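Chemist: got a structure for you, letters missing:
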C-alpha cells in the first residue's frame, strides 16, 4: 500500500497541534496559565480570515485543521477575558492598534506575496505582548505547549507540496516565533528560580 | 435585570475589556469609513476572499429609512467609541455608561444578525466588509457578555 508521507506529516501536525491546544485550554480554565488577550485576539482575526478564505475558495479537507485551530484560538481569547493576564500595558495597546491597522491594510492588498509577508509580520507582532508579560511572569504560560506548537508547524512545513516564498514565509515565521517563545520561557523560568534561590544580601 | 455593578468583576479585566471594545470599535470605524469612501468615489471595494461585495452593496437592502448602512455603521461605531472612552475616563456615571454601552452593543448585535441573514438568505451573496462589521459586533457582544455575565 502506498502511503503518502506528506499526508502522514499533515496528520501528525494536526494531532500534535491538538495535543498542545487541549492542555493549554485546560490550564487556562484552571487558572494555571494566563493568556494575554491581545495576542490571541490578533491571531483570531488573522487565522479567521485565512480560514474563511479557505472555506470560500473550496479548500475541502484542508480547511478542517485550520477551522479547529481558529476555534481553539478564539476560545482562548474568550477565556482570557475572565482568566487571562491582567498584566497589560500601554505598549501592548499600541501593539494591538498597530496590528489591527496592519490587518486593515492587509485585507486591501492584491499582491499575494506582499499579503503573506504582511500577515507573517502581523502574527509575529501578536507574540510581543505575550513575550513582555512572560518576561516577569514566565510561569503564566504552558511552556511545553509552545514547543509542541513549533513541532506541529514543522510538520506542516514538511507536508507542503511545493516550497516557495508564498508557502513557507508564514509557517517559518510562526514556527520560529513559537520556538523562540518556548526557549525564552525556559530561560526566564530558570533565571527567576535561580534568583529566588540565592541568599538575600543584608 | 441588567447587571451593571463592577463589584463582582475584577476591575482590571473590566478595563482590559473596555480597551478591547475601544480597539474593535476603531476597527469598525475604519471598516465603515472604507465603505463610505468607496461609495462616494463610485469605486468597487477590494473583496479579499472573493464574494460579491458589489452585489450586496448595490442591493436595495443597503439602506435603512433612506440612510446608507455604511453611514449608520460609522455612527454606531463612533457612538461606541465615545461611550467606551467616557467609561474608561470615569468622568461621568460609569454604571449608567456601562448600561448604555451594553444596550448599544446588544442593538448592534441584533442588527448584525439581521444583516447577515439578509446576505445569506435574501441576497445570497457575501460582502467581506459588511461581514467583518457583523463579526466585530458579535465579538464586542461576546466580550462584554463574558466579562459581565460569565
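Modeler: Received the coordinates, thanks. These numbers were taken from a predicted model, which means no experiment stands behind them. Numbering: from 1, shown residues only, chains lettered A, B, ... in the order given.

Chemist: drop to CA atoms for contacts and neighbour counts, all remaining ones
Modeler: Will do.

Chemist: Just the closest residue of chain B to chain A, please.
Modeler: Scanning chain B for proximity to chain A using CA to the nearest CA identifies residue B:49 as nearest, at 4.9 Å.

Chemist: element containing the closest residue to that residue other than its chain neighbours?
Modeler: Take residue B:49 and drop its neighbours on the chain: the residue closest to it by CA to CA, 6 or more residues apart in numbering or on different chains is residue A:53, 4.9 Å away. Of the helices and strands defined by DSSP states H and E, residue A:53 is found in helix A:37-56.

Chemist: Give the other helices and strands that that helix contacts.
Modeler: With contacts defined as 3 or more CA pairs under 8 Å, 6 or more residues apart in numbering or on different chains; DSSP states H and E, the packing partners of helix A:37-56 are helix A:63-83, helix A:90-108, helix A:112-136.

Chemist: buried residues in that helix?
Modeler: Along helix A:37-56, the positions that meet the burial threshold by neighbour count (16 or more other CA atoms under 10 Å in any protein chain shown) are A:37-55.

Chemist: One more: stretch A:67-85?
Modeler: Judged by neighbour count using 16+ other CA under 10 Å, the buried positions of stretch A:67-85 are A:67, A:69-70, A:72-74, A:76-85.

Chemist: got it, and stretch B:72-90?
Modeler: Counting neighbours by 16+ other CA under 10 Å, one finds that the buried residues in stretch B:72-90 are B:73-74, B:76-78, B:80-81, B:83-88.

Chemist: can you check stretch B:137-150 too?
Modeler: Of the residues in stretch B:137-150, those buried under the neighbour-count criterion (16+ other CA under 10 Å) are B:137-144, B:147-148.

Chemist: Same question for stretch B:41-53.
Modeler: Buried positions in stretch B:41-53, judged by neighbour count with 16+ other CA under 10 Å: B:45-49, B:51, B:53.

Chemist: circling back to that earlier point, would you turn the buried residues of stretch B:137-150 into a markdown table with pLDDT, secondary structure and distance to chain A?
Modeler: As requested, these are exported to a markdown table (pLDDT from 0 to 100; DSSP: H, G, I helix; E, B strand; the rest coil; distance: CA to the nearest CA, whole Å):
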| residue | pLDDT | secondary structure | distance to chain A |
| --- | --- | --- | --- |
| B:137 | 95 | helix | 13 |
| B:138 | 94 | helix | 12 |
| B:139 | 93 | helix | 9 |
| B:140 | 94 | helix | 11 |
| B:141 | 94 | helix | 11 |
| B:142 | 92 | helix | 8 |
| B:143 | 91 | helix | 7 |
| B:144 | 89 | helix | 9 |
| B:147 | 84 | helix | 6 |
| B:148 | 78 | helix | 9 |
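
Chemist: ok, back up a step: tell me the most buried of the helices and strands packed on helix A:37-56?
Modeler: Comparing the helices and strands packed on helix A:37-56 on average neighbours per residue, with mean count of other CA atoms under 10 Å in any protein chain shown, the densest one is helix A:63-83 at a mean of 21.

Chemist: Need the worst-confidence member of the buried residues of stretch B:41-53.
Modeler: On pLDDT alone, residue B:51 ranks lowest of the buried residues of stretch B:41-53, at 66.

Chemist: Rebuild the helices and strands packed on helix A:37-56 as a markdown table, extending it with mean pLDDT.
Modeler: Formatted as a markdown table, the entries for these read as follows, by pLDDT from 0 to 100:
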| stretch | mean pLDDT |
| --- | --- |
| helix A:63-83 | 89 |
| helix A:90-108 | 92 |
| helix A:112-136 | 93 |
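
Chemist: what's the angle between the helix ranked longest in chain B and helix A:90-108?
Modeler: The helix that spans the most residues within chain B, counting by DSSP state H, is helix B:11-41. Interaxial angle of helix B:11-41 relative to helix A:90-108 (axes from the mean of the first three to the mean of the last three CA atoms, to 10 degrees): 30 degrees.

Chemist: Just want the angle from helix B:11-41 to helix A:37-56.
Modeler: Relative orientation of helix B:11-41 versus helix A:37-56 (the same axes, to 10 degrees): 40 degrees.

Chemist: Can you give me the buried ones in helix B:11-41?
Modeler: Quick answer for helix B:11-41 (16+ other CA under 10 Å): B:13-14, B:16-36, B:39.

Chemist: Toward the C-terminus, what is the element adjacent to that helix?
Modeler: Sequence order places helix B:53-57 as the next helix or strand after helix B:11-41, per DSSP H and E.
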